[in-house]
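Enquirer: structure of the sequence below:
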Amino acid sequence: MRIKLKIVTNKRLLPVEINRSVISFFKYTLKKYNNKLYKEFYENSNAAKPFAFALYLPSPETVSDQIHIKDNYFEI
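Expert: Residues are numbered from 1 along each chain as shown. A predicted model of the protein is given here:
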């Protein structure tokens, strides 16, 4: 199964470590939606998770500790 999320932002600046923010978003959402599955994945095991993600950033430019994107959105 594939899911595509389009995240619209107020700013065109993202932190360089945007992947950590995305993982945090996934964990928060899973905990709210299915706490049992959250505990299985994150509280009882350090094993690899059965999912992956990739980011699409429109025309990214890295400047020091931020990523400037062309448009005010990115996709997961």
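Enquirer: which ones are touching the closest residue in space to Gln66 that isn't next to it in sequence?
Expert: The shortest distance from Gln66 to any residue other than its chain neighbours is 4.9 Å, reached at Leu13 (Cβ to Cβ, 6 or more residues apart in numbering). C-betas here are computed from N, CA, C, even on glycine. For Leu13, the contact set (Cβ atoms under 8 Å, 6 or more residues apart in numbering) comprises 66-69.
Enquirer: spatially central residue for this protein, please.
Expert: Val22 (1.7 Å; Cα atoms, centre = their mean).
Enquirer: that residue against Ile76, yeah?
Expert: Yes: the pair Val22 / Ile76 is scored as a contact, 6.0 Å apart, by Cβ atoms under 8 Å.
Enquirer: now the common contact residues for the two.
Expert: 53, 55.
Enquirer: mind listing what's buried along stretch 26-42?
Expert: If you call a residue buried by 16 or more other Cβ atoms under 10 Å, then stretch 26-42 has these buried ones: 26, 30, 38, 41.
Enquirer: just put those in CSV and tack on secondary structure and distance to Thr62.
Expert: Formatted as CSV, these follow (DSSP: H, G, I helix; E, B strand; the rest coil; distance: Cβ to Cβ, whole Å):
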residue, secondary structure, distance to Thr62
Phe26, helix, 23
Leu30, helix, 29
Tyr38, helix, 32
Phe41, helix, 31
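Enquirer: I appreciate the help and will end here.
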